[in-house]
Every structure is written in C-alpha cells, then in structure tokens.
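Colleague: what shape does this take:
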Amino acid sequence: MISTTKNTLEVVDAYYQAGVEKRLTDFGSYLHDDFVTTAPNYLPWGGVHHGGAFFREQVLPNLPDVLDFGRFSYDVFFANGENAIALVNFGLTGRDEMIKISEHWTVRDGKAINIWVAYFEPQALLDSLKIPHGLTRAAA
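Modeller: Numbering: from 1, shown residues only. Got it, this is the predicted structure:
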C-alpha cells in the first residue's frame with residue numbers, strides 16, 4: 001500500500017510533469033469532481049471556483065498561454081499526509097521574466113481535492129495578461 005504522503009507527492013508532481021511534457025490537460029483525470037480552485041481575484045482564473053470542471057475546462061487548456069512550463073522548476077516541494085506545498089518558478093510565455101508561485105494542494109484517495117495559489121511579485125504576470133496595476137518593480 002502506498003503511503004498517503006507519497007501518493008500526494010505523486011499526484012501533485014503529475015500536474016507539473018504534465019505541463020512540462022505539454023500534455024497539461026491529461027491532469028484532468030486526477031481532479032476530484034468537487035475540486036476547489038482558489039487564486040487571486042485579479043487573475044482571469046481568480047477567485048474561488050467549485051467543481052473540477054472549471055479547472056479541467058478553463059485552467060488546464062489555457063495555462064500554457066501564460067505560464068511556460070518549459071522553464072518550470074521547484075524551489076521547495078514537500079507533503080505531509082494529504083497536504084502538499086510546492087514553491088515553484090515558471091517562465092512567462094513569450095517573455096523573459098520568471099514568476100514565483102506558492103501552490104498549496106490537498107489530495108485524497110488519489111484525486112486532487114483543492115489548490116490554493118499565491119503569486120509573489122506578480123507584476124510581470126499582470127503585464128503579460130495586460131491587466132492594469134499600480135505595482136512597481138524594485139530596483140535591481
């Protein structure tokens with residue numbers, strides 16, 4: 001029998017690997033029907049969305065238009081039981097910039113139950129999505 005923590009890591013990693021392998025929509029089979037997506041309201045996929053269909057139909061097919069999974073990497077990835085946290089880096093599609101995202105997952109019985117997402121320094125992402133903002137970049 002596979003441990004809960006190991007299963008959680010495998011399910012969440014399947015999401016990132018599907019993106020890297022350009023088959024992100026395949027991850028839809030890992031979503032529980034009652035999957036909940038929570039992301040910042042200022043994003044097109046932001047807010048709280050109940051139901052796996054939203055993530056399957058609205059997020060998975062469109063995310064590669066914004067996030068370049070070819071430049072994906074983990075900073076930190078760990079799980080404890082049903083809960084996983086992935087601090088990840090993504091390139092922005094069509095841009096040189098990178099973005100750091102903290103993604104918090106819950107996995108139960110081999111299915112992802114929810115994801116809660118926080119973006120660090122989202123200016124480049126907002127610029128890429130052509131969303132007006134008053135954020136400024138820190139001097140390097």
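
Colleague: quick one: low-confidence parts of this protein?
Modeller: Screening the chain residue by residue with the criterion pLDDT under 70, one finds the ranges 1-2, 122-124, 129, 131, 133-140.

Colleague: show me what secondary structure element comes after the helix ranked longest in it.
Modeller: Counting by DSSP state H, the longest helix found in the chain is helix 4-20. Using DSSP states H and E, the helix or strand that directly follows helix 4-20 along the chain is strand 31-39.

Colleague: before we move on, which element is the spatially most central residue of the chain in?
Modeller: Centrality entry for the chain: nearest residue to the mean C-alpha point is Glu103, 5.9 Å, by CA atoms, centre = their mean. If you go by DSSP H and E, Glu103 is part of strand 98-108.

Colleague: other SSEs contacting that strand?
Modeller: Based on contacts counted as 3 or more CB pairs under 8 Å, 6 or more residues apart in numbering; DSSP states H and E, the elements that strand 98-108 packs against are helix 4-20, strand 67-80, strand 83-92, strand 111-120, helix 123-128. For glycine as for every other residue, the C-beta is placed from the backbone atoms N, C-alpha and C.

Colleague: again, only this time at 10 Å
Modeller: For strand 98-108, the helices and strands in contact under the criterion 3 or more CB pairs under 10 Å, 6 or more residues apart in numbering; DSSP states H and E are helix 4-20, strand 31-39, strand 67-80, strand 83-92, strand 111-120, helix 123-128.

Colleague: what's the closest non-adjacent residue to Asn7?
Modeller: Gly110 (6.2 Å; CB to CB, 6 or more residues apart in numbering).

Colleague: OK, contacts around that neighbour?
Modeller: Contacts here follow CB atoms under 10 Å, 6 or more residues apart in numbering; on that basis Gly110 touches 2, 7-8, 10-11, 30, 32.
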